[in-house]
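Need coordinates for the below:
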Amino acid sequence: MTNGTSKGPRRALLSLTNKDGAADFGRGLVELGFELWSTGGTAGKLREAGLEVHDVAELVGKPLGGDLVKTLSREV
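Numbering: from 1, shown residues only. I've put the predicted structure just below:
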């Protein structure tokens, strides 16, 4: 994630229980210049809508605790 001072890409981490409206929200973030990062089911929903999504597992591997542990990792 960026803190506003980095010159790297702006990243948004999405990990949603209720995925209603996820595609529209993700599309809006992309239009604002964000790169989307997500976990399992949320990533699938965003991809179904044609959005490019990076898997959080690319950063942290596949921890034993599942998606919640991935989003709590310091690499994210």
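
all strands in this structure, in order from the N-terminus.
10-14, 34-38, 53-55 (DSSP state E).

Break down the chain into its helices, ranges please.
Ranges of helices within the chain are 22-31, 40-48, 57-60, 67-72, based on DSSP state H.

Deepest in the core, which of the strands of the chain is it.
Of all these, strand 34-38 has the most neighbours on average by mean count of other Cβ atoms under 10 Å, namely a mean of 20. Glycine gets a C-beta too; all of them are placed from N, C-alpha and C.

So for it, mean pLDDT?
The predicted model assigns strand 34-38 a mean pLDDT of 94.

picking that back up, Throw the strands of the chain into CSV and include distance to F25, thanks.
Shown next, in CSV, are those (distance: least, Cβ to Cβ, whole Å):
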stretch, distance to F25
strand 10-14, 8
strand 34-38, 10
strand 53-55, 12
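
Quick check: which of these is nearest to L46?
Nearest to L46, of all the strands of the chain, is strand 53-55, at 4.7 Å by Cβ to Cβ.

Do me a favour and average the pLDDT over that closest one.
For strand 53-55, mean pLDDT rounds to 92.

what's the closest non-adjacent residue to R47?
The spatially closest residue to R47, leaving aside those adjacent along the chain, is V53, at 5.7 Å (Cβ to Cβ, 6 or more residues apart in numbering).
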